[in-house]
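Participant: Have a look at this fold, sequence not included:
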């Protein structure tokens, strides 16, 4: 301090004053870098106001507790978090975020650090935003009648098990998730969330692209799924509709297009399921009664297994579907014959080898799927190495000609379509 004072005392009074002014301005400038002017703007804005942001970096973390609209005017408007907690927290109805890049959340799984956290709100909108370098994308906790539209959502590139969910719905109802690009995240989850609409979204390179649990009356329509470990998973759901989705190329040896367990009134119609290790994996309940699953007008093609049943094959309606190019049409991994509660008819099977003598478009004999040599690879992992190899096909063919054990009937289509419709 003495050295500094001596230096200052060597200057004239005017020079000292100028240098002190410069020092004060410099301190104010440094302080302004750490000040959260956006939070101040939010706090000072009246309810229902519109805040327009020009290109630049605005500091998080932001808390919004009043009806408000924040719109990015340029293409490089970024709200950058502090590396802790959620970047934007919304705790009011009628909040709208549009055209904003949101980055740098915290990394705490327990507190669900996210790009955007919505809690106990209604009538909110998140649209045209880019979410990246965050733990979770959007956390929706008790959210109703809100819209998530045309966003690009991904998370920090940790190991897949350590990534957060791109979208997490918990006790959230009557929301619309539309035209988003959701990629390179862990999961999209719905739990205790009812009457939500997912449409025109793209899901790619995720673990469970959509994982629905104990949630009812949700609709998935015109979505695209590619290169996910599991495209769609439904565990405990009623009155679900899955309509006109493309579910392609689930990755890994056990890549599953659609996994269905413990559902009732599950409608799966107009979908295309292709290039998966398991096209549709169905877990039936042995003691359940009543029609549970309806598959109609779907294209299930070029999968290793088109339909894979775990436990019983019962309570399914499978009509007017096309099965072609699959290594196996139907498989099951637990004993038991085809149950009379199933309705299977008017499907096209490219393996059907019957005739249509009266030219009515329906095969003269039923299409029946038996398990022959397939039992070998199911019960012995070493034999799986030869799965779909010519030797296995030859064994199947020989056993069909002269079976030395009674095969299991696992599927019967009483009215197979003779030609592709």
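Facilitator: Perfect, I can see it now. These numbers come from a predicted model, not from an experiment.
Participant: Is residue 38 located within a helix, as I assumed?
Facilitator: Yes. Under DSSP: H, G, I helix; E, B strand; the rest coil, residue 38 falls within a helix.
Participant: Let me see the contact set for it.
Facilitator: Going by CB atoms under 8 Å, 6 or more residues apart in numbering, residue 38 touches 51, 53, 58-59, 62, 79. Where C-beta positions appear, they are placed from N, C-alpha and C, glycine not excepted.
Participant: Show me which of those residues is closest to residue 174.
Facilitator: Relative to residue 174, the closest of the contacts of residue 38 is residue 62; by CB to CB it sits at 25.8 Å.
Participant: Quickly list what the closest one is bridged to.
Facilitator: Judged by DSSP bridges, the bridge partners of residue 62 are residue 88.
Participant: Can you check the pLDDT for it?
Facilitator: Note for residue 62: predicted pLDDT of 97.
Participant: Now for it, how many residues are close by?
Facilitator: 23 (other CB atoms under 10 Å).
Participant: Okay, it and residue 117: tell me how far apart.
Facilitator: Going from residue 62 to residue 117 by CB to CB, to the nearest Å gives 10 Å.
Participant: intersection of neighbour lists for these two?
Facilitator: Counting by CB under 8 Å, 6+ apart, the residues touching both residue 62 and residue 117 are 88-89.
Participant: Contact partners for the closest residue to residue 341 other than its chain neighbours?
Facilitator: Take residue 341 and drop its neighbours on the chain: the residue closest to it by CB to CB, 6 or more residues apart in numbering is residue 314, 4.6 Å away. Residue 314 makes contacts with 284, 288, 339, 341-342, as judged by CB under 8 Å, 6+ apart.
Participant: what's the answer for residue 82, then?
Facilitator: Neighbouring residues of residue 82 by CB under 8 Å, 6+ apart: 59-61, 104, 106.
Participant: Can I get the buried part of these as one ChimeraX selection?
Facilitator: This is how ChimeraX selects the buried members of those, with burial counted by 16 or more other CB atoms under 10 Å:
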select :59,60,61,104,106
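Participant: right, and the pair among the contacts of residue 82 with maximum separation?
Facilitator: Spatially, the most separated pair among the contacts of residue 82 is 59 and 106, at 14.5 Å (CB to CB).
Participant: re earlier: turn the contacts of residue 314 into a markdown table, including pLDDT.
Facilitator: Below are the contacts of residue 314 laid out as a markdown table (pLDDT from 0 to 100):
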| residue | pLDDT |
| --- | --- |
| 284 | 73 |
| 288 | 53 |
| 339 | 82 |
| 341 | 87 |
| 342 | 92 |
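Participant: For residue 356, state which of these is nearest.
Facilitator: residue 342 (23.3 Å).
Participant: residues of stretch 118-125 that come out buried?
Facilitator: Buried, per 16+ other CB under 10 Å, within stretch 118-125: 118, 121-122, 124-125.
Participant: Can you list the neighbours in contact with that stretch?
Facilitator: Stretch 118-125 is contacted from outside by 89-98, 138-149, using CB under 8 Å, 6+ apart.
Participant: filter those residues to the buried ones?
Facilitator: Buried among these by 16+ other CB under 10 Å: 89-90, 92-98, 138-140, 142-144, 146-149.
Participant: In strands, which of these fall?
Facilitator: Per DSSP state E, strands hold the following members of the buried ones among the contacts of stretch 118-125: 89-90, 95-98, 138-140, 142-144, 147-149.
Participant: Greatest separation within these: which pair is it?
Facilitator: Largest separation among these by CB to CB: 98 and 142, giving 22.9 Å.
Participant: pLDDT score for residue 121?
Facilitator: On the pLDDT scale, residue 121 gets 98.
Participant: ok, it to residue 113 distance?
Facilitator: Relative to residue 113, residue 121 is positioned 18 Å away (criterion: CB to CB).
Participant: Walking through the stretch 51-200 of the chain, point out its helices one by one.
Facilitator: In order along the chain, the stretch 51-200 of the chain carries no helices (DSSP state H, counting those that start in this stretch).
Participant: same check, this time on the stretch 301-421 of the chain
Facilitator: If DSSP H, counting those that start in this stretch is used as the criterion, the helices of the stretch 301-421 of the chain fall at 374-379, 390-401.
Participant: Where among these is average confidence lowest?
Facilitator: In terms of mean pLDDT, the lowest-scoring of the helices of the stretch 301-421 of the chain is helix 374-379 (a mean of 51).
Participant: in the stretch 301-421 of the chain, what spans have low per-residue confidence?
Facilitator: 335-337, 372-406, 420-421 (pLDDT under 70).
Participant: what about 90?
Facilitator: Residues of the stretch 301-421 of the chain meeting the criterion pLDDT under 90: 310-315, 332-341, 370-410, 419-421.
Participant: can you map out the strands along it?
Facilitator: Assigned by DSSP state E, counting those that start in this stretch, the strands in the stretch 301-421 of the chain fall at 305-310, 316-319, 322-324, 328-332, 343-345, 348-349, 367-371, 408-413.
Participant: give me the number of residues near residue 304?
Facilitator: 18.
Participant: correct me, but it touches residue 274?
Facilitator: No. Checked against CB atoms under 8 Å, the pair residue 304 and residue 274 is beyond contact range at 11.3 Å.
Participant: bridging residues for the closest residue to residue 350 other than its chain neighbours?
Facilitator: Once flanking residues are discounted, residue 350 sits nearest to residue 324: 3.8 Å by CB to CB, 6+ apart. Here residue 324 shows beta-bridge partners residue 301, assigned using DSSP bridges.
Participant: tally of neighbours for residue 324?
Facilitator: Neighbours of residue 324 (other CB under 10 Å): 15.
Participant: Now for it: which residues touch it?
Facilitator: With contact set as CB under 8 Å, 6+ apart, residue 324 has these partners: 301-302, 348-350, 420.
Participant: Same check on residue 238?
Facilitator: Going by CB under 8 Å, 6+ apart, the list of residues near residue 238 reads 216-217, 263-265.
Participant: go again using 7 Å as the cut-off
Facilitator: By CB atoms under 7 Å, 6 or more residues apart in numbering, the residues touching residue 238 are 216, 264-265.
Participant: Check residue 318 too.
Facilitator: By CB under 7 Å, 6+ apart, the neighbours of residue 318 are 295, 344, 347.
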